[in-house]
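Chemist: A predicted structure for the sequence below; I have some questions about it.
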Amino acid sequence: MSRPSTLSDAKLVQRCRTGDADAWNELVERYSRYVYAICVRGFRLSDDDAEDVFQDVFTRAFTRLETLRDDSALKPWLAQLTRRRCLDAVSSQSREQTADDSLVDEESADMEEIEEAFALREAVAGLSETCQEILDRFFAQDQSYRTISDELDIPAGTIASRIARCLVKLRDELEGRNEAAGGSRE
């Protein structure tokens, strides 16, 4: 499991602007699933259309990074680029899309789920490697306490308490992010 970088978005953007190829690769890696999720879940584009939008979004981001006014606003900027490009893809295919409230509500709910998933991913990345590994094994890989115990050479009785402690840390991490985000909202 590769550990995500601890660089802030602003620092990452600054490094990209200096031509740092590793920083660009990290930016794409950090936001590739986010952009793709907006295409597929938010706009229900086909895989081919989503791939086209994905490529175009990162091409535009690369060529227009200088136009980003606030380096720390990379994520919303990429989301806006993606939404605009998805709308272009939908309209260029002459699809009839009704502006019915249920469709708008469903797309809004999908976007909220995507945002929550990425907030969770970022919060998990802020935990210790031990917590990341145990939570990944238990929740993502669906391993039993016994399997985790055997593979990590930790007593089985300890696994439950470690998971509980890691979940408390994760909750604190998420609450800290929510409070920070809440302070910047209207």
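Modeler: Thanks, I have the structure now. Numbers count the residues shown, from 1 in each chain.

Chemist: may I see the buried residues of the helix ranked longest in the chain?
Modeler: If you go by DSSP state H, the chain has its longest helix at helix 156-183. Within helix 156-183, the residues that qualify as buried are I159, R162, I163, C166, L167, K169, L170, E173, L174, counting by 16 or more other C-beta atoms under 10 Å. Every C-beta, even on glycine, is put in place using the N, C-alpha and C of the backbone.

Chemist: just stretch 69-77 next, same as before
Modeler: For stretch 69-77, using 16+ other C-beta under 10 Å, the buried residues are D71, L74, W77.

Chemist: who touches it?
Modeler: Stretch 69-77 is contacted by residues S8, D9, A10, L12, V13, Q14, L27, Y31, Y34, A61, L68, F118 when judged by C-beta atoms under 8 Å, 6 or more residues apart in numbering.

Chemist: apply 6 Å and report the result again.
Modeler: Contacts to stretch 69-77, defined as C-beta atoms under 6 Å, 6 or more residues apart in numbering, come from residues D9, A10, V13, L68.

Chemist: likewise stretch 156-168?
Modeler: With C-beta under 6 Å, 6+ apart as the test, stretch 156-168 has contacts from C131, I134, L135, F138, Y145, R146, I148, S149.

Chemist: which residue sits closest to the residue positioned nearest the centre of the chain in space, ignoring its chain neighbours?
Modeler: By C-alpha atoms, centre = their mean, the mean C-alpha position of the chain lies nearest to F118, the distance being 3.3 Å. Counting by C-beta to C-beta, 6 or more residues apart in numbering, F118 lies nearest to Y34, which is 5.5 Å off, once chain neighbours are set aside.

Chemist: what helix or strand is that neighbour located in?
Modeler: Counting by DSSP states H and E, the element that carries Y34 is helix 21-37.

Chemist: could you chop the chain up by domain?
Modeler: Taking automatic domain parsing as the reference, the chain has its domains at 1-100, 126-186.

Chemist: looking at these, spot the one closest to E112.
Modeler: Among the domains of the chain, domain 1-100 comes nearest to E112, with 10.1 Å by C-beta to C-beta.

Chemist: now for this protein, the helix or strand with the poorest mean pLDDT.
Modeler: helix 101-125 (a mean of 71; mean pLDDT, DSSP states H and E).

Chemist: which regions of this protein sit below the pLDDT cut-off?
Modeler: By pLDDT under 70, the weakly predicted segments of the chain are 1-5, 93-109, 177-186.

Chemist: hmm, try it at 50
Modeler: By pLDDT under 50, the low-scoring segments of the chain are 1-3, 95-102, 184-186.

Chemist: having no further points to raise, I will conclude here.
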